[in-house]
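[1] got a structure for you, letters missing:
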């Protein structure tokens, strides 16, 4: 008969395996490249695992709750060796790690996500806002009312059956540049694009095949640049409808070239200054206050909405074309998923 260790317990989940799977996933997607960062994360997770398995009964990944995390933090404060005494900023980084590993573990296992770390951060503002004094300010975003107002305004550029004669006359008076300007703003809000992303899009960027509605673009292939790799990002349905209409307008205007949003009828690229002025004019016409720098407010609004829907931060980072570490700025606004109508 095979001898078993008294400490073998098949009920205890493999904390380390969950961490290694998370690391492997991030490496495969290019979101974790530096060996030094992996070692820091491994040390942090190792301390958390050791504490979990030292409890009676052991704390599992499924059972860990905000009270457990509070006890873990309390046990570590005051320890002087090897940076184990947690500063608020270190605690914030650790909680983000725990949250991400838990989310990935639940996704891989098909289980309900454990949001214990998000809940703990919500209850501990000293840690949650520990980076508020850094050079990275809180991202500005549209309010729910502002977002609805803007979407309504942008969508009015697209012809629909049953609209009033005044609306039809207004649409008929629009130039192709007017439609271009509104649709480009729609993709910043509805697909999380930066102004540079908008200018870089080509006619090959929209994906139509495989979508829920025939001929409606549902995702974009964003070309890479010196700051971020090539990537794909989803397009909100209302923004996809506008993009579909823009493709029709662009084709009817017989505009040559590869740029999705050209500057001129001859197909020249859209300049940074011209696009900035165009997007600002759209926001002002829609009645959005603080149109200055508004393009990035749209991108932040997209990111915050996705996080509130429960999308994994690493996935949102991929859609935005940024490093996962940069998602920390949103943790101070969205500590955990919320119901988004």
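    Done, it's in. Please read all numbers here as calculations on a predicted model, not as lab measurements.
[2] Tell me how many other residues surround residue 52.
    As a burial measure, residue 52 scores 19 neighbours (other CB atoms under 10 Å). (Each C-beta comes from the backbone N, C-alpha and C, glycine too.)
[3] Sticking with it, tell me its helix or strand.
    Applying DSSP states H and E as the criterion places residue 52 in helix 35-54.
[4] now the angle from the helix or strand following that helix to helix 35-54?
    Following helix 35-54 in sequence order, the next helix or strand is helix 66-76 (DSSP H and E). Orientation of helix 66-76 against helix 35-54 (axes from the mean of the first three to the mean of the last three CA atoms, to 10 degrees) gives an angle of 110 degrees.
[5] In terms of secondary structure, what does the lengthiest helix in the chain contact?
    Ranked by residue count and defined by DSSP state H, the top helix of the chain is helix 88-109. In terms of contacts (3 or more CB pairs under 8 Å, 6 or more residues apart in numbering; DSSP states H and E), helix 88-109 is packed against helix 15-28, helix 35-54, helix 66-76, helix 116-123, helix 125-128, helix 328-331.
[6] Can you give the domain ranges for this structure?
    15-128, 144-331 (automatic domain parsing).
[7] Need these in TSV (columns: mean pLDDT).
    Converted to TSV, the domains of the chain look like this (pLDDT from 0 to 100):
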stretch	mean pLDDT
domain 15-128	82
domain 144-331	90
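[8] Residue 143: neighbour count?
    11.
[9] what's the answer for the one 5 residues further on, then?
    Other residues near residue 148 come to 11 when the count uses other CB under 10 Å.
[10] And it, how far from residue 142?
    According to CB to CB, to the nearest Å, residue 148 stands 9 Å off from residue 142.
[11] Residue 212 too?
    26 Å.
[12] which one of those two has more residues nearby?
    residue 142 (24 against 8).
[13] Nearest residue to that one in space, please, no chain neighbours.
    Setting aside the residues directly before and after it, residue 142 is nearest to residue 301 in space (CB to CB, 6 or more residues apart in numbering), at 4.6 Å.
[14] Next: residue 204.
    That would be residue 221: by CB to CB, 6+ apart, it lies 6.9 Å from residue 204.
[15] first to last residue in stretch 279-299, what's the distance?
    13 Å (CA to CA, to the nearest Å).
[16] Give me the distance between residue 172 and residue 178.
    Distance from residue 172 to residue 178, counting by CB to CB: 11 Å.
[17] Of all the residues in the helix or strand hosting residue 166, which ones are buried?
    Residue 166 belongs to helix 165-172 when assigned by DSSP H and E. For helix 165-172, the neighbour count (16 or more other CB atoms under 10 Å) marks residue 171 as buried.
[18] Run the chain-centre distance for that helix.
    From the chain centre to the centre of helix 165-172 is a distance of 36 Å (CA atoms, centre = their mean, to the nearest Å).
[19] Beyond that helix, next helix or strand please.
    helix 176-191.
[20] Pull the distance from that next one to the chain's centre.
    20 Å.
[21] Over to stretch 274-287?
    24 Å.
[22] And for stretch 311-324?
    Counting by CA atoms, centre = their mean, stretch 311-324 comes out at 5 Å from the chain centroid.
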